[in-house]
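> Here is my input; please provide its structure:
(one chain, ligands or ions: 1)
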Amino acid sequence: MSRIALPQYLANASVAPDLQSVILGLAEVSADISKSLAKGALAGILGAAGAENVQGEDQKKLDVIANDMIKEALAALPNVRGLASEEEPDVVPCHTNGNFLVTFDPLDGSSNIDINSMVGTIFSVLPHTGETAVTEQDFLQPGRQQAAAGYVLYGPSVMLVISTGSGVAMFTLDQDSGNYLLTEADVAIPSETNEFSINASNQRHWAAPMQSYIADLIAGKDGPRGKNFNMRWVAAMVADVHRILCRGGLFTYPWDSRKPEQAGKLRLMYEANPMGFLVEQAGGEVWTPEGKILDIQPAHIHQRVPVILGAATEVALCVDYHQR
Ligand code: AFP
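Reported below is the predicted structural model:
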């Protein structure tokens with residue numbers, strides 16, 4: 001069966017050539033990252049890097065390797081005006097004539113690296129039009145303005161999932177040819193679900209509305225929902241969101257009382273916005289307890305948010321527990 005390769009898909013979808021080149025650059029470097037990941041312990045690249053990132057989290061060697069590879073690949077693309085990474089303290093200016101800003105989480109779910117479990121790269125492409133040197137301010141655009149967003153899931157197969165604003169498409173890396181081939185077009189999240197995803201070990205730290213919502217799911221057919229729910233947690237947002245795009249469900253990483261001053265764990269510009277763009281494009285919803293994530297005006301590039309995303313009906317219900 002002949003399948004459509006990524007460049008052909010982008011051309012067929014009339015994606016602007018400058019945006020195509022950014023997406024193709026990200027796809028190419030992700031295939032290289034997948035090769036490093038596949039070597040694992042044989043290449044001596046597992047384990048801690050011995051440093052902390054700007055978020056105060058311990059970096060893994062592969063966090064640093066993937067970050068450097070993506071930075072180098074993007075810096076070589078004339079259409080990239082600047083980049084911001086979860087692993088970099090400041091924004092990095094690139095080409096003065098570039099039309100796009102790229103934010104990325106080079107290796108999401110990095111606690112999975114050392115157990116040979118799923119990780120991913122998440123990216124968001126924002127437009128840039130100004131004349132002056134790029135600053136953090138240029139990146140502070142609501143997620144709704146993204147020109148494209150996507151992720152690469154390094155799993156049993158390597159998959160690229162993207163949206164340029166007209167639906168979501170999934171591609172699988174053909175290891176023989178090195179090409180991403182279209183394997184799922186027009187991804188749609190079912191509006192109802194019986195599956196949810198949350199780190200339940202934090203239960204005692206959640207706010208009361210989240211406690212009640214999850215308790216009602218766990219009560220199953222004997223509780224107010226009158227049906228049984230199943231729970232899944234991969235500890236890599238990429239993998240949890242991928243499952244939701246494939247078969248539905250609700251994912252949440254809520255605020256918790258251990259760090260009351262911190263809005264949530266997940267990063268708005270590297271995780272919530274790009275994933276939110278994909279989920280909305282696939283017919284789902286993406287909220288904080290107060291409003292839609294894609295409408296948030298970011299205050300700084302490393303901002304965190306509580307996240308509730310997935311099947312539209314279920315997200316609405318979870319938000320309702322908070323707004324009652
Ligand atoms: P990293 O970006 O540091 O790898 O963290 C991954 C993550 O932000 C997200 O992908 C997971 O959903 C979440 O953390 C897992 O958090 P827990 O360790 O609390 O389960």
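> Going by C-alpha atoms from here, please, whenever you check contacts or count neighbours.
Will do.
> The closest residue to A282 other than its chain neighbours - how many residues pack around it?
Leaving aside its chain neighbours, A282 sits nearest to A188 (4.6 Å; criterion: CA to CA, 6 or more residues apart in numbering). Using other CA atoms under 10 Å, A188 has 21 other residues around it.
> Confirm that A188 lies within a helix, as I assumed.
No: using DSSP: H, G, I helix; E, B strand; the rest coil, the assignment for A188 is coil, not a helix.
> ok, it - contacts?
By CA atoms under 8 Å, 6 or more residues apart in numbering, A188 lies in contact with 168, 245-246, 282-284.
> before we move on, what about R267?
R267 is in contact with 302-305, counting by CA under 8 Å, 6+ apart.
> 6 Å - rerun?
303-304 (CA atoms under 6 Å, 6 or more residues apart in numbering).
> hey, what's it bridged with?
Judged by DSSP bridges, the bridge partners of R267 are R304.
> what ranges do the helices span in this protein?
6-12, 17-39, 61-75, 136-139, 208-218, 237-247, 273-281, 312-323 (DSSP state H).
> Of the ones you listed, which is nearest the ligand?
The closest approach between the ligand and any of the helices of the chain, judged by CA to the nearest ligand atom, belongs to helix 237-247 at 3.6 Å.
> With only the CA atoms kept, save that closest one in PDB.
Taking Å, rounded to 0.1, in the frame of the first residue of the first chain, the C-alpha atoms of helix 237-247 are listed here in PDB:
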ATOM      1  CA  MET A 237       2.100  13.700  28.800                       C
ATOM      2  CA  VAL A 238       2.900  12.900  25.100                       C
ATOM      3  CA  ALA A 239       1.900   9.200  25.700                       C
ATOM      4  CA  ASP A 240      -1.200  10.000  27.700                       C
ATOM      5  CA  VAL A 241      -2.500  12.600  25.200                       C
ATOM      6  CA  HIS A 242      -1.600  10.200  22.300                       C
ATOM      7  CA  ARG A 243      -3.900   7.600  23.900                       C
ATOM      8  CA  ILE A 244      -6.700  10.200  24.200                       C
ATOM      9  CA  LEU A 245      -6.300  11.100  20.600                       C
ATOM     10  CA  CYS A 246      -6.500   7.400  19.600                       C
ATOM     11  CA  ARG A 247      -9.300   6.200  21.800                       C
END
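> quick one: is it near the ligand?
Yes: using CA under 6 Å from any ligand atom, helix 237-247 comes into contact with the ligand via M237.
> what's the burial count for the closest residue to the ligand within the stretch 51-200 of the chain?
Going by CA to the nearest ligand atom, the ligand is nearest to G109 of the stretch 51-200 of the chain, at 3.3 Å. Counted with other CA under 10 Å, residues neighbouring G109 total 20.
> quick one, what contacts it?
119, 235-236.
> Which of these ranks first by neighbour count?
Within the contacts of G109, V119 tops the neighbour count with 25 neighbours, counted by other CA under 10 Å.
> and it, bridged to which residues?
Beta-bridge partners recorded for V119 (DSSP bridges): Y154.
> ok, now which ones touch it?
108-109, 154.
> thinking again about what came up before, measure the residue nearest to A282 to G150 for me?
Distance of A188 to G150, given as CA to CA, to the nearest Å: 15 Å.
> hmm, what's the outermost residue in this structure?
Within the chain, the residue lying farthest from the chain centre (CA atoms, centre = their mean) is D222, at 34.8 Å.
> ok, that one to L294 distance?
According to CA to CA, D222 and L294 sit 36 Å apart.
> One more: H205?
To L294, H205 is 26 Å away according to CA to CA.
> who has more neighbours, those two?
Comparing H205 with L294 by other CA under 10 Å, the one with more neighbours is L294, at 25 against 17.
> how about the residues of the stretch 201-324 of the chain near the ligand?
By CA under 6 Å from any ligand atom, the residues of the stretch 201-324 of the chain that approach the ligand are 235-237, 266.
> try 5 Å
Applying CA under 5 Å from any ligand atom, we find that the stretch 201-324 of the chain lies next to the ligand at 235-237.
> Before I go, just wanted to say thanks for your time.
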